[in-house]
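Visitor: Sequence plus the predicted model coming up.
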Amino acid sequence: MIPTREECLKLMGKYGMLENIISHSLEVAKVALFISSELNKRGQRIDLGLVEAASLLHDLTKTECLKTKEDHARTGSQLLRGMGYERIGEIVAQHIWLGATGDPLKVTEEEVVNYSDKRVMHDRFVSLEERFSDLKERYGFNQKAMDYLERLQKEIYGIENKIFFILQFDPNHLQPL
Ligand SMILES: [Fe+2]
């Protein structure tokens, strides 16, 4: 079961997402849909409806978690699974960390949403380099935090290589309209 765009927008309102997190999610959905349709033109079989809904809802509980300090990937995933959106829940659970490395020839909805989230800083489309230097500036206050960001960065460069090996163009030439 996949909610429509309208249903996603309603949920975003219902759960009181902050305006800036809504703008971020709208931009992530735009980028993720663009990358997915380019990948599908090159033989991938990404479910566009699923990518759009998961992108719109990936930070559904983030506003709440800013107060509770809970892990919003986990609480968002639980909330969505509880509504019957099992696949969306799986994707949201992996939007920060992917965990397992998948099939090198097949791009998953999890990978597209995770990657697109890392290419959108606030509501602006940027390179991974720019996104990570901002993250390090904002959150890299000690060595442990820096190591965490370094590991995250390494994982996402692997995904970028996989996606752009299939797309056959430079990630920095990507221009989602
Ligand atoms: Fe998030």
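Guide: Everything's here; your move. Numbering: from 1, shown residues only.
Visitor: How many residues are close by Ala29?
Guide: A count of nearby residues for Ala29, using other Cβ atoms under 10 Å, gives 23. All C-beta spots, glycine's among them, are computed from the backbone N, C-alpha and C.
Visitor: Revised request: answer the last question for Asp123.
Guide: As a burial measure, the neighbour count of Asp123 was computed by other Cβ under 10 Å and equals 16.
Visitor: which residues touch it?
Guide: Neighbour list for Asp123: Asn20, Ser23, His24, Leu26, Glu27 [criterion: Cβ atoms under 8 Å, 6 or more residues apart in numbering].
Visitor: tell me the pLDDT at it?
Guide: At Asp123 the predicted local distance difference test score is 93.
Visitor: Equivalent analysis for Lys62, please.
Guide: 95.
Visitor: where's the residue nearest to it when sequence neighbours are not counted relative to Met83, distance?
Guide: Leaving aside its chain neighbours, Lys62 sits nearest to His72 (4.3 Å; criterion: Cβ to Cβ, 6 or more residues apart in numbering). The span separating His72 from Met83 equals 16 Å under the rule Cβ to Cβ, to the nearest Å.
Visitor: So which of the two has more stuff around it?
Guide: His72 (23 against 14).
Visitor: starting at the chain centroid, how far to the longest helix belonging to the chain?
Guide: Identified as the longest helix of the chain according to DSSP state H is helix 143-167. Relative to the centre of its chain, helix 143-167 is centred 13 Å away, using Cα atoms, centre = their mean, to the nearest Å.
Visitor: helices and strands around it, which ones?
Guide: For helix 143-167, the packing partners by 3 or more Cβ pairs under 8 Å, 6 or more residues apart in numbering; DSSP states H and E come out as helix 19-41, helix 109-119, helix 128-139.
Visitor: Now do that helix: everything it contacts.
Guide: With Cβ under 8 Å, 6+ apart as the contact definition, helix 143-167 has outside contacts at 35, 38-39, 42-44, 96-98, 101, 104, 107, 111-112, 114-115, 118, 128, 132, 135-136, 139-140, 170-171.
Visitor: Next: stretch 58-70.
Guide: Applying Cβ under 8 Å, 6+ apart, the set of residues contacting stretch 58-70 from outside is 11-12, 15-18, 21, 24-25, 28, 71-72, 75-76, 79-80, 91-92, 95, 113, 117.
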